[in-house]
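*Asks:* build me a model:
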Amino acid sequence: MRSFLVFLRKHRSLLLFGVLLTYFSSYGQTFLISLYIPELERVFGFSSTEVSSLYAVATMGSAFTLPWVGRLVDTWALRRFTLFVLVGFTVACGILSVAFHPIVVVLGFFGLRFFGQGLMSHTSISTMARAFERDRGKAISIATLGHPLGEATLPLLIAFLIGSIGWRTSLQLSGASLLILVVPLVLLFLRKQDKNLLHPALSQAGADDRVQASAKNPLRVFRERTFWTIAPAAFIVGFLNTAIFFFQVKLGESRGWSATWVAGSLSVFAATSALAMMGSGPLVDRLTARRLFPFMLIPFTIGVVLLAVLQHPLGYPLALVFLALSHGAGSTIKNALFAEVFGTKIIGTVRSVFTTVMVFSTALGPVTFGLLLDAGWSYSAIFWAVAAVLVAIILWSMRIRHE
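*Replies:* Numbering: from 1, shown residues only. Predicted coordinates:
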């Protein structure tokens with residue numbers, strides 16, 4: 001514990017930079033954007049299908065673009081890249097706030113997803129992975145705490161602003177906060193950082209041909225055998241989390257759980273996920289992410305089995321505890337693993353490719369569950385099938401220890 005506190009004190013500025021970016025990435029996360037959806041439906045007359053389709057188009061567009069822009073974090077000066085992201089994020093808030101046509105809504109959604117959900121988190125975690133070697137796990141786990149902190153504090157604030165000053169002004173204030181609050185703090189936190197961290201291109205000078213080729217063309221990462229070892233586990237967590245939460249109210253209805261109980265159980269998920277993030281950091285530093293990676297889906301498998309067999313209301317928060325253990329710890333383990341396996345010279349390129357994989361997984365999860373439910377599958381049958389897939393992925397992931 002003492003060494004952890006010493007680490008926090010010694011690197012507080014850079015760690016605060018990481019937390020700051022993940023926290024304000026919340027403006028581009030679904031849980032906050034969803035608060036604006038009823039207002040957009042009212043103003044434009046969108047149906048649920050229409051607005052969700054626009055959102056899906058914007059999200060998929062962000063996924064396609066991210067590998068090509070996300071790789072620039074490996075070569076641009078860190079201040080320059082971070083300011084580029086913050087300005088783009090601010091413009092996106094402004095575009096959506098003045099939307100007068102569905103095309104403008106799509107552009108606003110795209111900007112929020114690309115600069116917020118995508119590049120803000122990407123810049124934070126890539127920087128932590130590059131800056132720290134011995135304490136990489138702790139650094140990533142601390143930086144990712146911005147996500148649950150945002151989930152815990154911002155929805156109430158944004159909901160209050162929408163109700164009191166309107167959704168357009170709320171978006172404009174969100175954008176203004178990025179320029180007025182976040183930009184000065186970024187400049188402050190990066191003021192005395194290491195030269196090689198602030199200018200990643202310096203480390204590229206001695207990179208081998210493979211590294212330089214991957215930095216220029218992110219799709220080369222698909223040629224790496226290790227990518228295909230890691231990808232299934234990276235894919236399945238986003239796929240299942242999104243699908244389960246998308247259908248959680250209907251799952252509750254099928255088992256006699258109230259919507260209030262189901263929604264309230266999410267606090268258990270958020271708290272457990274945050275604790276798992278913090279606890280997994282020191283563990284990664286002690287054992288390495290490569291050794292831990294094959295086991296990170298075991299709690300998730302237990303949680304899915306509980307969803308398959310338990311009908312009691314307490315079964316849902318209990319299952320969420322196990323899902324959150326894998327979600328929280330997995331976030332730290334996966335990001336540390338990218339650095340261990342691919343190196344820190346192209347960490348931005350590698351992370352952007354895997355982020356694209358995970359974005360696709362979140363798009364496919366609800367669709368797949370919906371098709372199975374429409375085909376007559378019960379929730380229990382779906383969860384048993386998912387458990388079997390998870391076991392297969394765990395066994396496949398064991399290959400990483402020998403690559």
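
*Asks:* give the contact list for residue 92.
*Replies:* Residue 92 makes contact with 28, 107, 108, 110, 111, 112, 114, 115, 116, 175 under the criterion C-beta atoms under 8 Å, 6 or more residues apart in numbering. No exception for glycine: its C-beta is placed from N, CA and C like everyone else's.

*Asks:* confidence score at the fourth one?
*Replies:* This points to residue 110. pLDDT, residue 110: 95.

*Asks:* and the gap between residue 181 and residue 118?
*Replies:* Distance, residue 181 to residue 118, using C-beta to C-beta, to the nearest Å: 21 Å.

*Asks:* of these two, who's got more company?
*Replies:* residue 118 (25 against 12; other C-beta atoms under 10 Å).

*Asks:* once you drop chain neighbours, what's closest to the more buried one?
*Replies:* residue 66 (5.0 Å; C-beta to C-beta, 6 or more residues apart in numbering).

*Asks:* next, that neighbour: secondary structure please.
*Replies:* When classified by DSSP: H, G, I helix; E, B strand; the rest coil, residue 66 comes out as helix.

*Asks:* show the contacting residues for it.
*Replies:* Contacts of residue 66 by C-beta under 8 Å, 6+ apart are 114, 118, 119, 122, 352, 355, 356, 359.

*Asks:* next one: it from residue 379, what distance?
*Replies:* Distance of residue 66 to residue 379, given as C-beta to C-beta: 33 Å.

*Asks:* swap in residue 309?
*Replies:* 11 Å.

*Asks:* and the two? Which one has more around it.
*Replies:* residue 379 (18 against 11).

*Asks:* my guess is the more buried one meets residue 253, correct?
*Replies:* No. Taking contacts as C-beta atoms under 8 Å, residue 379 lies outside contact range of residue 253: 10.4 Å.

*Asks:* now the element after the helix or strand of the chain with the lowest mean pLDDT, going C-ward?
*Replies:* Least confident helix or strand of the chain, by mean pLDDT, DSSP states H and E, is helix 209-216 with a mean of 51. Per DSSP states H and E, helix 209-216 leads on to helix 225-246 as the next helix or strand towards the C-terminus.

*Asks:* can you report phi and psi for residue 288?
*Replies:* Residue 288 adopts backbone torsions of phi 80, psi 150, taken as degrees, to the nearest 10.

*Asks:* domains of the protein?
*Replies:* 11-205, 221-403 (automatic domain parsing).

*Asks:* pLDDT weak spots in the stretch 201-350 of the chain?
*Replies:* Within the stretch 201-350 of the chain, the stretches falling below the threshold (pLDDT under 70) are 202-218.

*Asks:* the helix or strand hosting residue 333 versus helix 225-246: what angle between them?
*Replies:* Here residue 333 sits within helix 315-342, counting by DSSP H and E. Computed by axes from the mean of the first three to the mean of the last three C-alpha atoms, to 10 degrees, the angle separating helix 315-342 from helix 225-246 equals 160 degrees.

*Asks:* mind listing what's buried in the very next helix or strand once past helix 315-342?
*Replies:* The helix or strand immediately downstream of helix 315-342 is helix 347-374, counting by DSSP H and E. Residues 347-363, 365-366, 369, 372-373 are the ones in helix 347-374 that count as buried (16 or more other C-beta atoms under 10 Å).
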